[in-house]
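**Q** Mind folding the following:
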Amino acid sequence: MIFERIKSDGLAHNSYLIGSDGEAAVIDPRRDCDVYIELAEREEQRIKYVFETHRNEDYVIGSKELSNLTGAEIKIFHGPGLNWGYGSTLRGGEAFRIGSLEITALHTPGHTDESMSYTLADLSSGEDATMVMVFAGDALFVGDVGRTDFYGPDEAERLAGALYDSIFEKILPLGDGVILCPAHGAGSVCGGSISERDYSTIGIERASNPMLQLNRQEFIRHKTAEKHERPPYFRVMERYNLEGPLPMGQLPAPPPLTPDEFKDSMEREEAIILDARTPPSFGGAHIRGSYSIWLKGLPVYAGWVIPYDKPILLVLELHDHLDVAVRYLVRLGYENIRGYLRGGIEAWYDAGNAVEYMGISTVHELKRRIDRGDDLLVLDVRAENEWRDGYIKGAMHIYVGQLESRLSEVPRDQPITIVCNVGHRASLAASILLRAGYTNVCCDVLGSMKAWHVRSFPIERE
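**A** Numbering: from 1, shown residues only. Model prediction:
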C-alpha cells in the first residue's frame, strides 16, 4: 500500500494519494497538481480515480486539472444533490478497487448536504477486509468538526443535526483503530479549533475531541452559536468548483518587469499591486496604492480584498518567493498575474520613483501614549473570537476582512494605531486605509496583542 498526505501550506488543506499494485486514487486534489503526478510516477502508479469530499469553499479543486495533465481518463466522483458540471455523482455504499484496496463512499452530510467521506479497506489478507482509514473531508477534524453555517442561519440547525448524525452514526462506528484523514488541519478557515496534531484515530477523537463529548442537543446549540467569517471569495470558489475550472495546463509564469514596465501596467491596466513582503519592509517603503499581504497570508487574506477582474502585480522580498506566491494565488482562482517587480522595491526607488512609508511601533510605545492621554484611536482588526479574549480599553473593533466595507466607521481626523495578533493583519489594514486616502494612519504595532499580553498590560473583556 502507498499512502501520501500532501499538505498545502497557508490553506491548511490536506489531500491524499493512495495506491496499490500500480493503481492509485487522489482525494481532494489542489489545483497546482503536479505533485500528484510526480508521486505517482515515483511509485509507478497510474492515477485511476479522483474522489472529492465536497464542493470546497476555500480553494479551487484540481480534479479537472489533474485529468487534463495526465492525458488519461481519470474518473472523478462527487456527492449527490448538486448540478455538477463535470465528473459523476456517487451514492453512499458504492465501492471501488485499486489493487488490493477498496474505497467505499459514505454520504456524511452536515458541513454541506453533498458531503462525502471515503473509507479505505485492505483486502490483501483475504475475504475479511481490514478497515484502515477514513477520509472524512470537512465532517470530522482533529480536535474539531466542520462548519455548518454555509447555507445561512435558517439552515444551520438542520445542518448541525445532520453533521452530528453523520459523525455518530457513520464515522465513529468504523472503529477506534481507524486512522482519521481530514481535509484540513490547524489554521483552516473551515474549522474554529482544529488541533495542531497532524494525525489521529477515531478512538482518539472519540475520547478527546471536545465536540464529541456533547449530546445531540448540546452539539446543535454549540454549532448554531458559532461565529465564523465568510470571505467573499468563497462564493467564487463555490462556482468554480461546481462548474469545474478550466484547466490551466501549467502554472502562470509572471515575467520580471522593470520599474517603467511595472508603472505602465499600474497606470494603463489599473493593475492591483500586491506587496507580499513582511510588515516592517512594507512600512519602510512601498508603492502607493499597494495591498500589504505577507507571503504566508496570501491563501487566507487575498480573497478578502483582491478583485478577480483586474491584473495583479507582485512586489516580493525575494525572487525565490515567486513560485510560492503564484501557487497561493492560483489555488484561489487568480490567474491574471501580470508580472513582478524585478529587483524589488530597491529597484523602484533607485529609478527615482516615489514611495510611501508607514510608522512601526511597539506595545511599549503604545502603552506610553495611552497612559499620557494622547489623542489616538486604537483599531483592532482581529477576528471576533480573538477580540473576546481581551482587548485594549477604548479600542475600535473591525475585522480586517470587513474593513473596506466599513470605512465610513473609521475617523479621518484622529491618529490611528492598528493592532492584530502579531502585526501582519494590522499591516494589511493599514494598507487598506492608505489606499482609501487616509492620511492619519500612524503605525502598525509589532507584536501587537500577543506582545501586549506577554507584557501583562491591561486588557478589557466583554
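**Q** contacts, neighbours, all on C-alpha from now
**A** Will do.
**Q** what residues go with each domain of this protein?
**A** Here the chain is described, according to automatic domain parsing, as comprising the domains 2-243, 256-339, 359-454.
**Q** Rebuild those as CSV, extending it with distance to residue 350 and mean pLDDT.
**A** Written out in CSV, the entries for the domains of the chain read as follows (distance: least, C-alpha to C-alpha, whole Å; pLDDT from 0 to 100):
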stretch, distance to residue 350, mean pLDDT
domain 2-243, 33, 93
domain 256-339, 9, 96
domain 359-454, 22, 94
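**Q** for those domains, which one sits closest to residue 460?
**A** With C-alpha to C-alpha, the closest approach to residue 460 among the domains of the chain belongs to domain 359-454: 5.3 Å.
**Q** thinking again about what came up before, quick one: which of the domains of the chain is nearest residue 353?
**A** With C-alpha to C-alpha as the criterion, residue 353 lies closest to domain 256-339 of the domains of the chain, at 8.2 Å.
**Q** Present the domains of the chain as CSV; the columns should include mean neighbour count.
**A** Shown next, in CSV, are the domains of the chain (neighbours: other C-alpha atoms under 10 Å):
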stretch, mean neighbour count
domain 2-243, 19
domain 256-339, 20
domain 359-454, 18
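**Q** In JSON lines: those domains, plus distance to residue 353.
**A** As requested, these are exported to JSON lines (distance: least, C-alpha to C-alpha, whole Å):
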{"stretch": "domain 2-243", "distance to residue 353": "33"}
{"stretch": "domain 256-339", "distance to residue 353": "8"}
{"stretch": "domain 359-454", "distance to residue 353": "18"}
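**Q** Nearest spatial neighbour of residue 134, chain-adjacent residues omitted?
**A** residue 119 (4.3 Å; C-alpha to C-alpha, 6 or more residues apart in numbering).
**Q** Parallel or antiparallel, list what pairs with the helix or strand containing the one you found.
**A** Residue 119 is located in strand 116-122, with elements delineated by DSSP states H and E. With DSSP bridges as the test, strand 116-122 is paired with strand 101-107 (antiparallel), strand 130-137 (antiparallel).
**Q** send the alpha carbons of the first one over as PDB?
**A** What follows is strand 101-107, C-alpha atoms only, in PDB (Å, rounded to 0.1, in the frame of the first residue of the first chain):
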ATOM      1  CA  LEU A 101      -7.500  -1.800  -1.600                       C
ATOM      2  CA  GLU A 102     -11.200  -0.900  -1.500                       C
ATOM      3  CA  ILE A 103     -12.600   2.600  -1.300                       C
ATOM      4  CA  THR A 104     -16.200   2.900  -0.200                       C
ATOM      5  CA  ALA A 105     -18.300   6.100  -0.300                       C
ATOM      6  CA  LEU A 106     -20.200   7.200   2.800                       C
ATOM      7  CA  HIS A 107     -22.700  10.000   2.500                       C
END
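**Q** Among the strands paired with strand 116-122, single out whichever gets nearest to residue 255.
**A** Per C-alpha to C-alpha, nearest to residue 255 of the strands paired with strand 116-122: strand 130-137, 36.9 Å.
**Q** Give the next helix or strand downstream of the closest one.
**A** Going down the chain from strand 130-137, the next helix or strand is strand 140-141, by DSSP H and E.
**Q** which residues touch that following strand?
**A** Contacting residues not belonging to strand 140-141 are listed as 146, 167, 180, 182, 183, 184, 185, 194 [C-alpha atoms under 8 Å, 6 or more residues apart in numbering].
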